[in-house]
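[1] Quick check, what structure comes out for this input:
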Amino acid sequence: MTTPDDILEFWFPDGPDPEPQAHLDHWVWRMRGGAGPAVMARYTPLTEQAVRGELDHWAATPCGRLALIIVLDQFPRSIWADTPEAYASDPKALALCLEGFDNGHFDKLENVWFKSMFKLPLEHCECDDHLANLDRAIAVAEAAQRAAPERLRKFYEVGVEQPKKHWEVIARFGRHSHRNAVLGRQSTPEEAEYLSAGTFPHQTDLRTIAAKTEGQQAAAAARSAAGWQTQRRSPICRELCAIAADGPGQLAACLRI
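    Numbering: from 1, shown residues only. Coordinates of the predicted model:
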């Protein structure tokens, strides 16, 4: 019988102390379709059980609630891709998520990758409070970035970008427009233009964003170094350098040392 721990071990195979590259690789595997075949092969009956409410008892513990959220929010997107059923359990996942914030389960999760996964229904579930939920998701992502181990912090900066991109879509259209065809919804002219571009938040290349973030950090470091070099060349520094050129005795006399 599958347990919540089984789900968490499957979904987070890099363990409690992941290395940066493995951590990024597994996030890409989870969130960009790589896990799909294994989910379909191993967890279709389990996901059907969760949808019917037969696993609701998992929500009695923080990790059990997280596992149930994963099953309801993530697994249907693989098992029933391109059908309305892919999104049908989003409201149930959102209810579990919100309840977990209220009852303290979220705060008891042991690491930032668990917490980052826990908040996904806030981003995914279309509802009247979607923008408020996304504000909360952004706050969770920013907190995760600050709390992440130093070696992983770069990647969790990437994690802040995703809910912000979702927020922009929902603020503009009031829904995840890329679902319109699957859900039988008529797209507005503005949505049609957006859809034709094909740049959807859930399809963003995580590796590209990570590389961009690393490049931004390197550029910031270079600017900082350049600022220091400029500071060194301030008038006072130039004067001291000129005095030093006349000999260490002259510099010592100037500085009274």
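[2] going forward, measure contacts and count neighbours with C-alpha atoms only.
    Fine.
[3] which intervals of the chain have sub-threshold pLDDT?
    For the chain, applying pLDDT under 70 flags the ranges 202-257.
[4] and it, what are its domains?
    Here the chain is described, according to automatic domain parsing, as comprising the domains 4-204, 206-257.
[5] hang on, isn't residue 131 packed against residue 170?
    Yes - between residue 131 and residue 170 there is a contact at 6.8 Å, judged by Cα atoms under 8 Å.
[6] Which parts of the stretch 101-250 of the chain are helices?
    With helices called from DSSP state H, counting those that start in this stretch, the stretch 101-250 of the chain shows them at 105-108, 112-118, 120-124, 130-147, 153-173, 189-197, 206-232, 235-245, 248-255.
[7] Report the central residue of the protein.
    Most central residue of the chain, judged by C-alpha distance to the mean C-alpha position with Cα atoms, centre = their mean, is residue 159 at 2.7 Å.
[8] Return the most buried member of the domains of the chain.
    The highest mean neighbour count among the domains of the chain belongs to domain 4-204 (a mean of 18), with neighbours defined as mean count of other Cα atoms under 10 Å.
[9] next one: that domain to chain centre, how far?
    On the basis of Cα atoms, centre = their mean, to the nearest Å, the separation between the geometric centre of domain 4-204 and that of its chain is 9 Å.
[10] rewinding a little: may I have the residues that are in contact with the residue nearest to the residue nearest to the centre of the chain when sequence neighbours are not counted?
    Taking Cα to Cα, 6 or more residues apart in numbering, and ignoring the residues beside it in sequence, residue 159 has residue 141 as its nearest neighbour in space, at 6.1 Å. Contacts for residue 141 (Cα atoms under 8 Å, 6 or more residues apart in numbering) come out as 116, 156, 159-160, 163.
[11] on that earlier part again, now do the residue nearest to the centre of the chain against residue 196, distance only.
    Summarising the geometry, the distance separating residue 159 from residue 196, computed by Cα to Cα, to the nearest Å, is 25 Å.
[12] Check residue 112 too.
    When Cα to Cα is the yardstick, residue 112 and residue 196 sit 35 Å from each other.
[13] what do you get for residue 173?
    Distance, residue 173 to residue 196, using Cα to Cα: 15 Å.
[14] wait, residue 40 sits on residue 81?
    No - shown here, residue 40 and residue 81 do not form a contact pair, counting by Cα under 8 Å, at 10.5 Å.
[15] Please name the residues that touch residue 163.
    When contacts are taken as Cα under 8 Å, 6+ apart, residue 163 is in contact with 123, 134, 137-138, 141.
[16] from the residues you listed, which two are the most distant?
    Using Cα to Cα, the pair of those lying farthest apart is 123 and 141, separated by 11.3 Å.
[17] quick one: contacts of stretch 43-59?
    The set of residues that contact stretch 43-59 without belonging to it, under Cα under 8 Å, 6+ apart, is 2, 4, 64-68, 71-72, 75-76, 79, 89, 96.
[18] run the last query once more with 6 Å
    When contacts are defined by Cα atoms under 6 Å, 6 or more residues apart in numbering, stretch 43-59 is touched by residues 64-65, 71.
[19] Present those residues as JSON lines; the columns should include secondary structure and distance to residue 185.
    Shown next, in JSON lines, are the contacts of stretch 43-59 (DSSP: H, G, I helix; E, B strand; the rest coil; distance: Cα to Cα, whole Å):
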{"residue": "64", "secondary structure": "helix", "distance to residue 185": "35"}
{"residue": "65", "secondary structure": "helix", "distance to residue 185": "32"}
{"residue": "71", "secondary structure": "helix", "distance to residue 185": "26"}
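[20] Can you redo the residues you listed as CSV, where the extra columns are distance to residue 201?
    Below are those laid out as CSV (distance: Cα to Cα, whole Å):
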residue, distance to residue 201
64, 28
65, 26
71, 21
